[in-house]
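1. heads up, no residue letters with this:
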Ligand code: AN0
Ligand code: CP
């Protein structure tokens, strides 16, 4: 595997989940695979889980790791070609990327949607420049439109905790004060569709996601109806995708917050969220602290999804 941004990059999903369980049961077994190989993780945005879990996964594989926070200590980077660079950015991404490629064997990139230009975001302009100019395998650590390491970890978690072969999985929008990207729900939808779950997406009108990710999922605008019989409730906020509202907050309606009353509509569902989460906006204290909450096992599985992805990349070097 040379690039990782979509569920298609991982090939057979059942085989990938099986490999994840194997890696989880003997995570130091592959220690020689990464010997003298260097992972460079590049962050344009903040992170707790991605930073720690991916570094841990690389260390499990015997790799060396360099972490660069572009906004703290590195030169500010211009990303547009053709700009007269007389402003506050002393370096261009077009030099910075091949230079970074000189010092490593694999590159992970975190670069959120900027909400300045929908086309640039949805064409993954930043990630694709890394793919084109670094000369190295590149994987997404949440880019403008996708967060596949998260969705892979989410799927591993669902497979661990499900009690029926084909669970009902509900992705629900929930309120948040600031505009957030669509990357997490996009990827979660893409991966849940690929897994063949009974998959429902619920959100207020105006929050429709890109149909390339929604695929065959059922969309239900009545959250209570959507939650009926759910085995897993996956909450997430996202900002609007459609039309001129791209990147806007259209609602902070707290009747969409996941509470004990909402969870009572489900089939004793497990609660999931990728974290970080704003309590009592997205989910009540009671629900996130309940024994049905999977947020911590989900975060723990980020180490496993990252290790499978790095392992596959190392095997193909
Ligand atoms: C980010 C998002 O919603 O995409 C990262 C989630 C993993 N969340 C925030 O910026 C709060
Ligand atoms: N879930 C997730 O990616 O968390 P971080 O933003 O902390 O990395």
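-> Received it, and whenever you're ready, just let me know what you need. From a predicted model like this one, the values you see are computed outputs, not experimental measurements. Numbering: from 1, shown residues only. Ligands and ions are numbered 1, 2, ... in the order given.
2. ok, residue 219 to residue 186 distance?
-> For residue 219, the distance to residue 186 (CB to CB, to the nearest Å) stands at 14 Å. For the C-beta atoms, the positions are set from N, CA and C on the backbone; glycine is no exception.
3. do residue 85 as well
-> Here the criterion is CB to CB. By it, residue 85 lies 33 Å from residue 186.
4. the more surrounded of the two?
-> More crowded of residue 85 and residue 186, by other CB atoms under 10 Å: residue 186, with 24 against 11.
5. Now do the phi/psi pair for the more buried one.
-> phi -60, psi -50 (degrees, to the nearest 10).
6. Isn't it up against residue 209?
-> Yes: with contacts counted by CB atoms under 8 Å, residue 186 reaches residue 209, the gap being 6.2 Å.
7. quick one: contacts for the residue nearest the centre of the chain?
-> The structure's the chain has its C-alpha centroid closest to residue 147; by CA atoms, centre = their mean the separation is 2.3 Å. Going by CB atoms under 8 Å, 6 or more residues apart in numbering, residue 147 touches 140, 183, 184, 186, 187, 274.
8. ditto for residue 290
-> 260, 263, 271.
9. Which members of those occur in helices, if any?
-> 260, 263 (DSSP state H).
10. Among the contacts of residue 290, the buried ones, what's the PyMOL command?
-> Buried subset of the contacts of residue 290, written as a PyMOL selection, criterion 16 or more other CB atoms under 10 Å:
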select buried, resi 263+271
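11. Residue 53 contacts residue 299, doesn't it?
-> Yes: under the criterion of CB under 8 Å, residue 53 makes contact with residue 299 at 7.4 Å.
12. For residue 195, give me the backbone phi and psi.
-> The phi/psi pair for residue 195 (degrees, to the nearest 10) is phi -80, psi -20.
13. where do the strands sit along this structure?
-> With strands called from DSSP state E, the chain shows them at 3-4, 38-43, 64-69, 77-78, 91-92, 106-110, 138-140, 168-173, 198-202, 218-220, 232-236, 270-272.
14. what residues are up against residue 257?
-> 174, 175, 280, 281, 282, 283, 284.
15. swap the cut-off to 6 Å and go again
-> residue 174 (CB atoms under 6 Å, 6 or more residues apart in numbering).
16. residues near the residue in the stretch 101-250 of the chain that ligand 1 sits nearest to, how many?
-> Ranking the residues of the stretch 101-250 of the chain by distance to ligand 1 (CB to the nearest ligand atom) places residue 180 first, at 3.7 Å. Other residues near residue 180 come to 18 when the count uses other CB under 10 Å.
17. Give me the pLDDT value at it.
-> Note on residue 180: pLDDT of 98.
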